[in-house]
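Novice: Sequence plus the predicted model coming up.
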Amino acid sequence: MAMKKGWISFLSLLLAAAIFLSGCSSQKTEKVQSSSSSGDKSITVLVEGGSPAFKVAKETAEEFKSKTGYEVKIESVPYTGVYDKLKAEVASRAGAFDVATIDILWFPALAGGLLPLDGLLTDQVKSDLFPGLVSGGSYEGKEYGMPVWTNAKNLLYRKDLFEDSKNKQAFKAKYGYELAPPKTWQQYRDAAKFFTSDTDKDGKIDMYGTTVFGANNGDAVASWLDHAAQAGANPLVIDKDGKVLVNTKPYVDSLQFLSDLLRKDKSVPPGALEMASAETSELFWSGKSAMMLAWGHFYVPSNDAKQSKVAGKVGSAPMIAGSAGIGAVPGPWYQVIPSSSKKQEAAKQYLQFIYEKNELFMKTLGVAARKSVFEKYSTMKGYEHLQPLMETLKGPQTQNRPAIKEWQQIESEALIPAVQYVLSGEKTPQESLDWAKETIEGILPPK
């Protein structure tokens, strides 16, 4: 995950990736429809403007019409506008939309106004999806979402730096083992310290080993929870009985790990409180960091010299592992049908149609939903990130955030401040997370 402000330029692509956790978008609203009108025989599809969902919907509209006779009207709005319009639709039941593409985070708030997808998520469909994708699009035991893509953070690293013979010799002399893309917390920390340096000898650090997310958005929370999962957190933050877990050992250890990278090792930029996916990516692609833990599809620009100063020098590896193994918080998106739709059968046909076109999301974004699509493209040049990403998505500790209506409030009022308290040095991890637990308990409804 969590990321958007256009999907055309390089930095826009990077911002687009970050939307899986946080999200900002163009403020322009567009309406696109197929060239000929067919009266009532049309469906309205709500998507984020400029997103892969917009592009795929536009590319396939004529084909869907030729197959079914239904014209596809596409309404595109900014990221938050998708949620706002669907929330209004749930309240009004006006029948304004037949299909929408939504972030996993919105299911708890919107599920009451969505149509259960009975019969669409067959055993055959489920067998071609990664773990957690079906449950991520479900709420209180009912399936509401057909996945269109999924993603998680991977390790991207500078191959030229890691494969340099002088670096290898110096690293082994200092740490006692071979320099390689890190697989564990300790290896990651060692590599980050090793590559942090003053390369131009002007007395200032100009190359950092990696970065830490501390910005005031959901990106910082998801990044920290990646590491909490690696340390053994399961489930994340709140258990099935409503007990708040956030001040227990895995959460404390993972926040201490991030704090040590920043405050003790100083192997990440000092401005961590202003950094998340977009800023991290800019640093990496401009050649000023050796590694980044970034959404898997951020690898896509790695061979484009117009977009990156390190083009052709980038490798991809699975997410690092803590004591409990590889873990990450995925950022999937889904197609849903509002229960107020007056054309539900046509909407179901559209969901099945787009599912069969899942390969188009791989071509557009660099990720998809179906395992078969991942496997097909994982052997192709330019898609070297897919094999590591599949390993991350199948990781033993990879898991979704809690599917509760209060999640976004918990993020903004408890978890983001908790991360920032620690990274700023205002509180220790234990102090900060004890405070976060009390705050979350005040947000949750009484048991």
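Specialist: Alright, I've got the coordinates. Numbers count the residues shown, from 1 in each chain.
Novice: For stretch 298-314, list the C-alpha coordinates in CSV.
Specialist: Extracted as CSV, the C-alpha positions of stretch 298-314 are listed here (Å, rounded to 0.1, in the frame of the first residue of the first chain):
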residue,chain,number,x,y,z
PHE,A,298,7.2,1.0,-7.7
TYR,A,299,9.8,-1.2,-9.4
VAL,A,300,8.2,-0.5,-12.8
PRO,A,301,10.2,2.8,-13.5
SER,A,302,13.5,1.1,-12.6
ASN,A,303,14.5,0.6,-16.2
ASP,A,304,13.3,3.9,-17.6
ALA,A,305,16.2,6.4,-17.8
LYS,A,306,13.7,9.3,-18.4
GLN,A,307,12.2,8.6,-15.0
SER,A,308,15.1,7.5,-12.9
LYS,A,309,18.8,8.4,-12.3
VAL,A,310,19.3,4.7,-11.3
ALA,A,311,17.6,3.1,-14.3
GLY,A,312,18.8,-0.4,-14.9
LYS,A,313,20.5,-0.6,-11.5
VAL,A,314,17.5,-1.6,-9.4
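Novice: now it, how far from the centre of its chain.
Specialist: Relative to the mean C-alpha coordinate of its chain, stretch 298-314 is positioned 20 Å out (CA atoms, centre = their mean, to the nearest Å).
Novice: Now it: average pLDDT?
Specialist: Mean pLDDT, computed over stretch 298-314, is 81.
Novice: Counting neighbours, what do you get for residue 247?
Specialist: Other residues within reach of residue 247, judged by other CB atoms under 10 Å, total 19. All C-beta atoms are positioned from the backbone trio N, CA, C, and that covers glycine.
Novice: what helix or strand is the nearest residue to it once chain neighbours are set aside on?
Specialist: Leaving aside its sequence neighbours, residue 247 sits nearest to residue 433 (CB to CB, 6 or more residues apart in numbering; 3.9 Å). Per DSSP states H and E, residue 433 falls inside helix 429-443.
Novice: next one: residue 389
Specialist: For residue 389, the host element (DSSP H and E) is helix 386-393.
Novice: tell me what the longest helix seen in the chain is packed against?
Specialist: Secondary structure of the chain read by DSSP state H shows that its longest helix is helix 52-68. Applying 3 or more CB pairs under 8 Å, 6 or more residues apart in numbering; DSSP states H and E, we find helix 52-68 packed against strand 30-33, strand 42-48, strand 71-77, strand 146-149, helix 344-356, helix 359-365.
Novice: average model confidence for the longest one?
Specialist: Meaning helix 344-356. Averaged over helix 344-356, pLDDT sits at 98.
Novice: how big is the angle separating it from helix 52-68?
Specialist: On the basis of axes from the mean of the first three to the mean of the last three CA atoms, to 10 degrees, helix 344-356 is oriented at 120 degrees to helix 52-68.
Novice: Now helix 344-356: buried residues?
Specialist: 346, 347, 348, 349, 350, 351, 353, 354, 355 (16 or more other CB atoms under 10 Å).
Novice: ok, back up a step: using PDB, write out the CA atom coordinates for the longest helix of the chain.
Specialist: Provided in PDB are the C-alpha atoms of helix 52-68 (Å, rounded to 0.1, in the frame of the first residue of the first chain):
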ATOM      1  CA  PRO A  52      -5.900   2.100 -13.400                       C
ATOM      2  CA  ALA A  53      -9.600   1.500 -12.900                       C
ATOM      3  CA  PHE A  54     -10.500   4.500 -15.000                       C
ATOM      4  CA  LYS A  55      -8.200   3.500 -17.800                       C
ATOM      5  CA  VAL A  56      -9.400  -0.100 -17.900                       C
ATOM      6  CA  ALA A  57     -13.000   0.900 -17.800                       C
ATOM      7  CA  LYS A  58     -12.500   3.300 -20.700                       C
ATOM      8  CA  GLU A  59     -10.500   0.700 -22.800                       C
ATOM      9  CA  THR A  60     -13.100  -2.000 -22.300                       C
ATOM     10  CA  ALA A  61     -16.400   0.000 -22.600                       C
ATOM     11  CA  GLU A  62     -17.000  -0.700 -26.300                       C
ATOM     12  CA  GLU A  63     -16.200  -4.400 -25.900                       C
ATOM     13  CA  PHE A  64     -18.700  -4.700 -23.000                       C
ATOM     14  CA  LYS A  65     -21.300  -3.000 -25.000                       C
ATOM     15  CA  SER A  66     -20.800  -5.300 -28.000                       C
ATOM     16  CA  LYS A  67     -21.100  -8.400 -25.700                       C
ATOM     17  CA  THR A  68     -24.100  -7.300 -23.600                       C
END
